[in-house]
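S.K.: Quick one: sequence and predicted model below, then my questions.
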Amino acid sequence: MLKRIESLRAEASAAIAAAPDAVALEELRVRHLGRKSELTRLLRGIAELEPAERGPVGAAANAARAALEGELAARRERLEAAEIEGSLAAEAIDVTLPGTPPVAVGHLNLLTRTRREIEDVFVGLGYRVMEGPEVEHDFYNFTALNHPPGHPARQAQDSFYIDPETLPEAVVNERGLPPGPTDVLLRTHTSPMQVRGMEAQRPPLFIVVPGAAYRRDTIDATHLPMFHQVEGLAVAEGISLADLAGTLDHAAKALFGPERRTRLKPDYFPFTEPSVQVDVSCFACDGSGRLAGGERDPLCKGTGWIEILGAGMVDPNVFGFVEDGYDPETTQGFAFGMGIERIAMLKHGIPDLRLFVESDVRFLEQFA
Ligand code: PHE
């Protein structure tokens, strides 16, 4: 009898140790320790044994039962731990793996890039970047820039006027009156920020102002009703035309290459006196006007020079329009304005202004 108990225990023991999962383990418990199991029946039948046998058989059967229960519990714990470890391993995410972006990584638009390049040149010279409103008063856009009402240069910049009734807040014009139909407009250049800049800060003042400007133009390869400029303004004691020439020569070399030369030609703007046009030596023909094959360079039209911006010494009248007075007798400064699209077109050989607004990825992707 004792031998039978011993072999039952050994058999159950081996099966428990090999049980692959919780379900198998439960089956083993029922088979070896359940009500109908041989061990249970054996314990129940002890009373029918010879008195001398009862003690040792009962003790051995109980010991076997206790041992098997212990082994079952231990095996159950092992299986549960293994199951948790298995699912942890299966569900693990390696956060260090590089992800797969759902769409290709984009890049800055060429206009943004060019704007930043221009800003960087002047920030490197100590200028601050400033921005101003695109919906502007006639006063800042024209009057304070020495275009009195009726001045013909106003017509040269056909404007988009804004119905003052549609503005989100009530505004007054420069005479403190409610604005009329031509008192508020989309700025036709960034130059209104000259006077606004001088009203925001006393000299010395060195600012560049990037931003959009609007003109009622037709749309073709060289005209869009919306374009971008960078305005520049330097006002400090003793600023002269030589500072203008040196500053813009430095900027042209920084933007178009260190071999470039610049020249000034007389020009006219109502708010600068004298006014100049700044030309840079052509980078396609290196200023010769002829390409390597001897033919006329189409970029500079054979002149060897390319116009890049308008500039001049701030007209004393403009200082007079600054609120709280810039004294025109003692204050001097220069201003310039360049087109961001124009600089980008020249630098990258872009033939048509409309490419900037057509959102054709074949164009945009060339400037990653
Ligand atoms: N505002 C002028 C334009 O849009 C450019 C300019 C700026 C000229 C500053 C002189 C000084 O054409």
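M.R.: That came through fine. The shown structure was predicted, so the numbers you read here are calculated from the model rather than taken from an experiment.
S.K.: Whichever residue of the chain sits closest to the ligand: neighbour count?
M.R.: Scanning the chain for the residue nearest the ligand gives residue 337, at 2.7 Å (criterion: CB to the nearest ligand atom). Where C-beta positions appear, they are placed from N, C-alpha and C, glycine not excepted. Counted with other CB atoms under 10 Å, residues neighbouring residue 337 total 22.
S.K.: contacting residues around the strand or helix carrying it?
M.R.: Using DSSP states H and E, residue 337 sits in strand 333-339. By CB atoms under 8 Å, 6 or more residues apart in numbering, the residues outside strand 333-339 that reach it are 118, 189-191, 194, 203, 205, 227-236, 239, 241, 243-244, 247-248, 271-272, 278, 308-314.
S.K.: swap in stretch 121-138?
M.R.: 119, 162, 167, 171, 173-174, 179, 182-187, 190, 192-193, 196-197, 200, 206-214, 232, 234, 247, 250-251, 254-255.
S.K.: try stretch 162-174
M.R.: Residues outside stretch 162-174 that contact it (CB under 8 Å, 6+ apart): 135, 137-139, 143, 178-181, 183-186.
S.K.: what do you get for stretch 262-274?
M.R.: 145-147, 151, 153, 191, 194, 241, 245, 248-249, 252, 275-281, 305, 310-318, 334-335.
S.K.: Just the buried residues from the contacts of strand 333-339, in PyMOL please.
M.R.: In PyMOL, this line selects whichever of the contacts of strand 333-339 come out buried by 16 or more other CB atoms under 10 Å:
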select buried, resi 118+189+190+191+194+203+205+227+228+229+230+231+232+233+234+235+239+243+244+247+248+271+272+278+308+309+310+311+312+313+314
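S.K.: quick one on the thing from earlier: filter the contacts of stretch 262-274 down to just the ones in helices.
M.R.: Members of these lying in helices (criterion: DSSP state H): 153, 194, 241, 245, 248-249, 252, 316-318.
S.K.: Select from the residues you listed the one having the most neighbours.
M.R.: Result: residue 194 is most packed of those (other CB under 10 Å), 31 neighbours.
S.K.: So it sits against residue 315, correct?
M.R.: No - using CB atoms under 8 Å, residue 194 is not in contact with residue 315, being 10.1 Å away.
S.K.: on that earlier part again, and the two most separated of the contacts of stretch 162-174?
M.R.: 178 and 186 (19.5 Å; CB to CB).
S.K.: Look up how far residue 9 lies from residue 99.
M.R.: In this view, residue 99 and residue 9 are 56 Å apart by CB to CB, to the nearest Å.
S.K.: These two: which has the busier surroundings?
M.R.: The residue with more neighbours, out of residue 99 and residue 9, is residue 9; 20 against 6, by other CB under 10 Å.
S.K.: Show me how far stretch 307-319 is from its chain's centre.
M.R.: Relative to its chain's centre, stretch 307-319 lies at 34 Å (CA atoms, centre = their mean, to the nearest Å).
S.K.: quick one: is it near the ligand?
M.R.: Yes - using CB under 6 Å from any ligand atom, stretch 307-319 reaches the ligand at 310-312.
S.K.: need the residues of the stretch 201-350 of the chain near the ligand, please.
M.R.: Those residues of the stretch 201-350 of the chain that sit near the ligand, judged by CB under 6 Å from any ligand atom, are 231, 269, 272, 310-312, 335-337.
S.K.: looking just at contacts, which helices and strands does the top helix by length along the chain meet?
M.R.: Assignment by DSSP H gives helix 51-91 as the longest helix of the chain. Helices and strands touching helix 51-91, as assessed by 3 or more CB pairs under 8 Å, 6 or more residues apart in numbering; DSSP states H and E, comprise helix 2-18, helix 22-33, helix 38-44.
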